[in-house]
Structures are given as C-alpha cells and as structure tokens.
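Asker: below are the sequence and a predicted model; questions follow.
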Amino acid sequence: MNRLPRLFSWLGFAWARRRLDDEARREFESHLELLTDHFVRTGLTPDEARAAARRQLGNTTLVREEIHHMNGVGWLDGLWEDLRYAMRQIRHSPGFAAVVILTLGLGIGGTTAMFSVVDAILLSPLPYEQPSQLVRFYQQEPDKPDTRTVLTGAHFSYLREHSSSFEDVAAIANYSETGLDLVREGRGQRLRVLRVSSGYFDTLRSGSVNGPGFDRSDETGIKRVVLSDALWRTGFGAGPSLVGTTIRLSGESYDVAGIASPGLDDPLAGPVDAWMPYNVARDTNEENNSLSAVGRLRNGVSLDQARAELLSISRGMKERFPAARLSAVAAVPLQDDLVAPAREPLGLLSIAVGLVLLVACVNVANLMLVRSTGRAHEFAVRAALGSGRQRIVRQLLVESLVFASLGGLAGIVFARLGLDVLTRTGQGALPRFDEVGFHPAALAFAGIATAATAVAFGMVPAFHVARVSPSQAMRQQSRSATGSRSQQRLRAALAAVQLALALTLLVGAGVLVATVQRLQQVDLGFRTDRVLTFEVNLPTVRYPAPRRAEFQEAMAREIRTIPGVTAAGAISRLPGTGSYHGWNTAIRTGPLAGTSVRRADGFNIQQRVVSGDVFAALGVPVLAGRAFDERDDSNAPPRAAVSASFARRAFPNLPLDGAIGQRIAAGGQELDIVGVVGDVVLDVYGAPALVVYHAHRQFADDRNWALSHVVAGSLPPERLLPAVRDAVARLDPELVVHRASSMADVVRLGTSRERFALVLMGAFAGVALLLSMVGLYGVLAYTVRQRTQEIGIRLALGATTTQVRGLVLRQAAVVLAAGLAVGIGGAIALGRWLSSLAFQVSPSDPRILAFTAAVLTLTGLFSAWLPARRASRVEPKTAMREGETI
Amino acid sequence: MVLQTLDSMGPLHGYGIARRIEQISDDLLKLNEGTVYASLMRLQREGWISSTWGASENNRKAKFYAITKAGRRQLTRETENWERIAGVIGRLLRSAGQRA
C-alpha cells in the first residue's frame, strides 16, 4: 500500500479501536466454544475440554492489548497521555495552577483589550469606501503646520472652483450647537444636525442617499434635510414615502431630501441625526475660519500630486483674498488627522500593556521554573528508567501549552471585561471610540500571544531539565539538584526584571497622577462646584431677535426664583472649553489707541455673549465698574465688559478702573467698557484668555446665539435640574432642555484623555506590582524551603532569629536593588511617550522616582517578610530530621 | 502462512485458520491460538485481508477473513522472497556439507 492510503487505513483502525476490541472479544468467545466442541469430540469431559481449549487459546488479554497498541497512533497517544498528566498536575496543585492561569489571563486579556482599542482607532480604515482617498483640508501659513485652522467659506469656495485633483470636496459646519428640536406628541427631542455643502455625500461615497439629496442650488439656506437611517426608523416609523414630504423641526417646515444609508456617521462629528445644506453662498467672509473641509482624491491621483496643485491654488488665493491672515491650504490624510490625538496616549498604553504581558510571562516562567526544578528528581528517575529526554521536554511543553491555553481562555474573559471598562472610561477621551468592540482580530492576537507565551515560559524549564544528567540528579538528591547556583541566580534575575518593569509602570502612573492632580489645581477663574449647565435652542421663526433677547433674561429670572438657586445666566461658550470667536479687537482710546489686540500677535482674544446674571452664576468677580443689567438693552449704546488681562493689555499702565469708559471695537460694534471682570482660563490646561463680553440684548440680532445656561445653587446640579426643566416648560412647553451637565463634569471632560490614560496606567501598574510581588515572594519562599535544613543547623549552632531573618532579607534587598536600578532606567526611557501627556510634570521628576521607588521597596519588603519570618521560626530539630527524608 | 491458508482455502474464520495451520504444520508449530488474531489484525491494517461477519458451522456468529488483491500480490512477493532466501541458504548449506 502507498503511504497515504496506509495512513488513512491506520487512522481508521485507531478510530474504531474500541469497536475492534469488542469484536476481538466476541471472536475469542466463539473460538473458545468451537475449540471446546472440538475437544469434547475427541472424548474429553466438557470441563476438561473447556480447560484445554483455554490453554490452547492462550492469554487473550495479552493479545487484545497487543491489538490495542497496534491500532493506536503512537505520537497522538503520547500526547493524550501528556495532556491527561498535565490536567492531573493542575488538580494536584490547584493554587499554583490558579496563580499561573490568572497571571497569564491578566497579561493576555489586557493585551487583547488594548489591541482591540488600538485596532479600532489607529489601524482599521475609516468606514467609508476607499478611505485612503479621503483628505482633510486646513488653512495655514505656508510651511507652518502649527498655524493650522479650519477654512473660511471664501477659501472653501475658491478651492472647490479651482482644484482638479479631487473628485469632490465638502464643507462641514461643525459647530457643537447646531441642532434642531423634533417635537412629537408633546415630547421634545434634540436632533444633532450637521450643515454640509452639496458635495458631502459624494465625497464620503456614503452609498446611496435614498432621495435627491442636496445639489449646488440648495446651498442658499433652503430648509431641506437628509435624515439618518436611525432617525427615519425611530422618529418616523421608516415610512417609505417620507422623502419629498415636509416635516416640522424647531417650529419650521423642512423638505425631506433623502434618507442616508444605514450607519453613516460624520467622520469629524460622529453620529448625526440629520444633515442640511450649508449656506455657502452667504459665507463670503475671508477672515471667518469656521468650516471643516474634506475631499476625495480622484482615482490615480496621489496625495503628493494633490499637494502640488494646492500650492499653486494657494498662490491664487493669496491674490484673491489679500486680507486673509492664512493664505495656504494644506491637505492631510483624513485618518491620520482624526486619530492624531489618540496616537500618543495609545502608543504609551500599548507599551505599558506590553510590559504587563512581559511581567506576566516572566512571572509564569519563574513559577514554572521553580516547580519543574522541584520535580527534577522525578524527571531524573524517569530518565533513568528509560524515558527519552525528548519525551520529558515534550511533556513539559505540553504542560506549558495547557497552562497557556487555559490562560488564553481566562484572557478572553478578562479582555471582554476590560473592554467594557475601557469603552466606558474612553468615550469622549479619544476619537472613534464608538467603533471599539471585541474584535475577531483581537481574538487571533490572543491566540498568538498565548502560543508565544507558552513557548516563552515552556522552553526555560525544558532546557534546564534537558541539561541535568540523571545520574547527577539521582546522586545529589533532589535538594542540591534543584538549588544549583545558576538556577538560583536565573530566578532572582527574573524576579528583578519583574520589579524593574513594575517600577517603570509605577513611574508612568505616578507621572499621570501628578498630571491629573496639577490639572485639578489649575486656577480656572470660575466656579465648578454646584453649578448646572444646559442648553435651550430658540427656534428662529417663533423667536425673532427682540423676543430672543427678552426671553433669555426672563428665563434667567424664572430660574432664579427656584429655591436653592443663587444666580442664573447664559454665555455663548462656557469658560475653560476652548477657543471660540477669536475676533480681533480694535482699541479706540487710551495709550494704544489705533492698534488692535490680534490673535496673530499671540493673544488668545475671545468674544463672549452673555445674558442674565452670568458672572455671579460662574463666580467671576466684577473687579471694576459693573456687570450688565437692564440698562444695557438694544436702545442703549453697545457696551462691553472685559477681562482684567484684556484691560491690562489694551490699557497698559492704567489701574483697572481706568479701563471703564474706554472704547473698543469688535464684531462690527463700537463698544463702551462698563466693567472689568476676573480672568477665566481658555482651557483646562490654564491657557490665559483675553475676553470681551457682549450683552446678549444688544447683540441678539447678529445671529440666533446658542447660549449655554449656567445655574449656581446651594444644591447639587442633578437636584436642581427637574425644577429648571419645569421653569423652562412654564415659559414655553415646546422648548427642549438638552446637554444638561454639571460644570464640574464639563471641566472633567476636558481632561478625559489624561484621566483615561491614568486609569489604564494605574491598572497596569497595579497588576505589574502585584505580579512582581508574587514573583519575589515565590523566589524567597522557595529558597527558604530549600535551605530549611541549613537554617536549622544555623539555629542549632546559636544563630539568632534576627540573623536568620537577615539572611532572607539580604537576598530580597539584592533583588530589589537590581530591580530598582533597571526600573529607573526603564522609566526614563518611557518618559519620551509620557511627556506628551504630562502636564507641568517632568517624566523624570526625582520626587516621583523616589516616591515610586519607595512604594516598590516597601511592598517588596512586605512580600519578603513572610518568608523571612518563616525562616526564623524554623524548628531546628524538625528541620534537620526533614532534611534526611527529603 | 495465514495469507497462504486464505489463498488456498477461501474465506475462513479465526478458528478455521488455527485448525488449518495446526494441520499443515503437523502440530510442529504449536502456538497459542489467540496470537492468530493479532496477526489477522496486522494483515487487516495493511489491507491484505478483509473481514465480514458470518455464521460458523455451529451457527455462531464469526468473523470470516478473505485475502484481498493486495494480499495476493504480497503473497507472491513473499513467496518469491522466501524461495530465493531458502535457495540461497540451501546452496550455502550444501556447499558447506561438501567441504566438510
């Protein structure tokens, strides 16, 4: 027979082994009876005949055994035996197995969860057709990427007219406040609405928009909407004839121009309920940078070619819009642009989780090493009895693989749990987090990690056993065979490596703790405690400008009557949440009359529109003059309040009082300064801002300002909210209170990136610390057990318990010292990735290094204490007697 | 031997094969008859014989073994091989006898 059919034939027989055995038994019975009949015929009595037949047939069990072996596949059988042996080992020492499996599970699970996040955010392509063709446009000074900002309407239109490298380009008016209210059966729902130019859906190649969509002629502020598939289903019962009809949003009629393909999210704004055309025609201001823009490269056009074309277009723009501060338009791959803020935190955390996996592997390797050398005697006996060395090594490998597989299973469970935590803490901290989920790729990654780990820790003991010669091991007795110096040293080195890795992670966590602490200590200049914020959108149709002006004041008054409320007002952008309306401000009077405060000169000049008692509600003090009040209405000359830093900048060498009565101009208005108020920060990092405040009542006709309401009280915000909703409903039951949040949460959102990194880094450091403690404890406890006899002799000869304890602690100190030295080096190396997240903290801050080193030393000594105490309590008599029986 | 038996006698059960071997070897090869089954299993694994369940003379269920085509080829090969070796040894012994 050829090889292959023969193999199949054998496998077939191996498969049917049990049945074949059964058949053989029946054949023997039948044979026995025939033989007995035969002997009876020759004249024997039935009993004699049966005995003779038995004799002649021979030992049937032996034959059956031979057949059984013949039909086995030797290698597989051995494997099965090894597997069963490994399972028996696990049952035999469940504690050891649990530690190994949990350790591996933590390492593999953490890595898998982290990989799922990295994969979803950094690696997986954007969910659009041919996403590598998508680019994002920025306006910037030539060759100065740090001056990047979004586009003006004028520059966008110019780009759209003159570029040929792009199949289509689209503008997105990505203001946080864009939205419309959908009221059905008396219940209001705030929709997230994005204003986009007509090329939007074609640029994203978002599949078919079911309906006509938008075209160029719609870019006039016409009331048309494309609904998201989800809104069409939940809000309109997936009605098939909805397209072409009109729906009411925020009290106005909108034509439904289409239903977007299911699952379409905006690349920049995320989930969107509806899109409407942006009024590109009206947006001709060449200084108002407010449009995000994306484009799709034509097939076959490379990014470099497109960039070359953009260079020449930028020259044309410069001539066309000479007043514009930023004349160049640059294109960056959309995916790079979107994930840029995530790159560094994720890089850092990937390194951290890799270190945890490493610690876990080292830990398991150490544990396995201790155990397998403890079994050296067993292996020596087996080798002496004829077990091949290869056979022993294979058994160890199978054991490792069993542990690794169970660890991998535990890892999958840990990864699932970890991902739940990650998605909860990471939402809002990093882009694309809603795409994170347990990924099949992560499963594969867990598999690879499992296999690699199995080999990594399986091979160390395997090599060791292979090196020990049986005769040597037998002669020296188990103790000396396992306690050889080189192995001792290897184990101590592994423990030191663990400590070093743990220290590296601890320093990382320490730097992030300090960062978050410093961020909390930033003097924001406004109150965050017991302050409620929310938004209410006033539909333009029912609320023309004068009515909006009065309504905002009336709302503040109404809310002020709620028991527990101390002040209420509204502001066009909450302080500490970034730059908004950075209009240049002209100085009309005073020593610098005729000049301007400009962003281009490095000033964070900001404009805010306020109503009600907003300074009191935010806890911003009035330092000179007065806050806005009922005198500042549309009949009065336009007035402004300015921040102290603006007053000092615009009117140098004058006391703050000196700014009162001075004149400035911004936003097309000539303004008299009536008050100077305290400084507030631009963002949570404490960037200073120069702010000009406008009275909403005097500025309401400029646009339908989306104001954030601020309510300060003596009660927690969540307890104020129901009464606030009632108050708004009393004024107008159709209005929707949305984005309600405490001011503290608003500020916390600004530091979510750092907090996310801190939570993860802290968890990783904690796990690494725990594992390295287990590692150190394991090494010391094992040494103490191995040296019990020696310690007994020392004690018998008069050593004090302190001396014995010192013996163990000295070993711990050596391991710790080595770990600390290497770990500090590792921490400094990690600093490169840490510095992007660290705030007012140096990654190599000696105080943090000293503190974490102290933490590690203390926990290290703690885990050394138990073995040391056990050593000092050795009973000399028993120890020496035990020594004989080992 | 088993192959030869099956080739000349047609399908047989284990007992029959044992009897036949006993008969042709004139009780010279006295073996534990159980070992026949180990040989039968080995030959089956090699695909040289096949087996089917049937009824024996005394109407008991018994497994009948028959030689396959591959088995016949193997038998020819082994027979030739044996004859060659036997011939060589025969000549060797004869020449040794002449010299002595």
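Answerer: Done, it's in.

Asker: do a quick rundown of the helices in chain B.
Answerer: Counting by DSSP state H, one finds helices in chain B at the ranges B:2-9, B:14-24, B:35-46, B:69-99.

Asker: now swap in the stretch 751-886 of chain A and tell me
Answerer: When secondary structure is read from DSSP state H, counting those that start in this stretch, the stretch 751-886 of chain A shows helices at A:752-786, A:788-796, A:801-834, A:846-872, A:876-885.

Asker: chain center to stretch A:571-585: distance?
Answerer: Stretch A:571-585 has its C-alpha centroid displaced from the chain centroid by 29 Å (C-alpha atoms, centre = their mean, to the nearest Å).

Asker: what residues does chain B put near chain A?
Answerer: B:13-15, B:18-19, B:31-35, B:37-38, B:41-42, B:44-47, B:56, B:58, B:60-63, B:70 (C-beta under 8 Å from any C-beta of the partner chain). (Glycine included, C-beta is placed from N, CA and C.)

Asker: re the thing from before, dump the helices of the stretch 751-886 of chain A to JSON lines, plus distance to chain B.
Answerer: Below are those laid out as JSON lines (distance: least, C-beta to the nearest C-beta, whole Å):
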{"stretch": "helix A:752-786", "distance to chain B": "50"}
{"stretch": "helix A:788-796", "distance to chain B": "54"}
{"stretch": "helix A:801-834", "distance to chain B": "58"}
{"stretch": "helix A:846-872", "distance to chain B": "58"}
{"stretch": "helix A:876-885", "distance to chain B": "46"}
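
Asker: deepest of those, which one?
Answerer: Sort the helices of the stretch 751-886 of chain A by mean neighbour count, taking mean count of other C-beta atoms under 10 Å in any protein chain shown, and helix A:752-786 sits at the top with a mean of 23.

Asker: so what's the closest residue to chain A within chain B closest to, chain neighbours aside?
Answerer: Among the residues of chain B, B:N32 lies closest to chain A, at 2.5 Å counting by C-beta to the nearest C-beta. The shortest distance from B:N32 to any residue other than its chain neighbours is 2.5 Å, reached at A:G58 (C-beta to C-beta, 6 or more residues apart in numbering or on different chains).

Asker: number of residues surrounding that neighbour?
Answerer: Using other C-beta atoms under 10 Å in any protein chain shown as the criterion, A:G58 is surrounded by 16 other residues.

Asker: cool, the one 3 residues further on as well?
Answerer: Counted by other C-beta under 10 Å, the residues lying close to A:T61 total 11.

Asker: next one: A:G668
Answerer: For A:G668, the number of neighbouring residues by other C-beta under 10 Å comes to 9.

Asker: quick one, grab the pLDDT at the nearest residue to it once chain neighbours are set aside.
Answerer: Closest residue to A:G668 in three dimensions, ignoring its sequence neighbours and counting by C-beta to C-beta, 6+ apart: A:D702, at 7.9 Å. A:D702 carries a pLDDT score of 82 in this model.

Asker: hang on, A:D702 in a helix?
Answerer: No: under the criterion used here (DSSP: H, G, I helix; E, B strand; the rest coil), A:D702 is coil, not part of a helix.

Asker: would you confirm that it contacts A:G667?
Answerer: Yes: A:D702 is within contact range of A:G667, at 7.0 Å (criterion: C-beta atoms under 8 Å).

Asker: compare neighbour counts for those two and give me the winner.
Answerer: Remark: of A:D702 and A:G667, A:G667 carries more neighbours, 17 against 14, as counted by other C-beta under 10 Å.

Asker: for the more buried one, give me its contacts.
Answerer: A:581, A:583, A:607, A:694, A:699, A:702 (C-beta atoms under 8 Å, 6 or more residues apart in numbering or on different chains).

Asker: how about the fifth one: what's its closest non-neighbour residue?
Answerer: Sequence neighbours aside, A:V609 is the residue nearest to A:F699 in space, at 5.4 Å (criterion: C-beta to C-beta, 6+ apart).

Asker: distance-wise, check that neighbour relative to A:H581.
Answerer: Here A:V609 is placed at a distance of 8 Å from A:H581 (C-beta to C-beta, to the nearest Å).

Asker: now swap in A:M276 and tell me
Answerer: For A:M276, the distance to A:H581 (C-beta to C-beta) stands at 22 Å.

Asker: what residue in chain A comes nearest to chain B?
Answerer: With C-beta to the nearest C-beta as the measure, the residue in chain A that lies nearest chain B is A:G58; the distance is 2.5 Å.

Asker: for that residue, phi and psi?
Answerer: phi 90, psi -170 (degrees, to the nearest 10).

Asker: pLDDT at it, what is it?
Answerer: Among the per-residue scores, A:G58 holds a pLDDT of 79.

Asker: so who does it touch?
Answerer: Here A:G58 is in contact with B:31-35 (C-beta under 8 Å, 6+ apart).

Asker: how far out from the middle of the chain is the worst-scoring helix or strand of chain B on mean pLDDT?
Answerer: Comparing every helix and strand of chain B by mean pLDDT, DSSP states H and E singles out helix B:2-9 as the least confident one, with a mean of 76. Between the mean C-alpha point of helix B:2-9 and the mean C-alpha point of its chain there is a distance of 6 Å (C-alpha atoms, centre = their mean).

Asker: for that helix, buried residues please.
Answerer: Of the residues in helix B:2-9, B:2-3, B:5-6 count as buried by neighbour count, 16 or more other C-beta atoms under 10 Å in any protein chain shown.

Asker: what do you get for stretch A:737-748?
Answerer: Applying a neighbour-count criterion of 16+ other C-beta under 10 Å, the buried positions in stretch A:737-748 are A:737-743, A:746-748.
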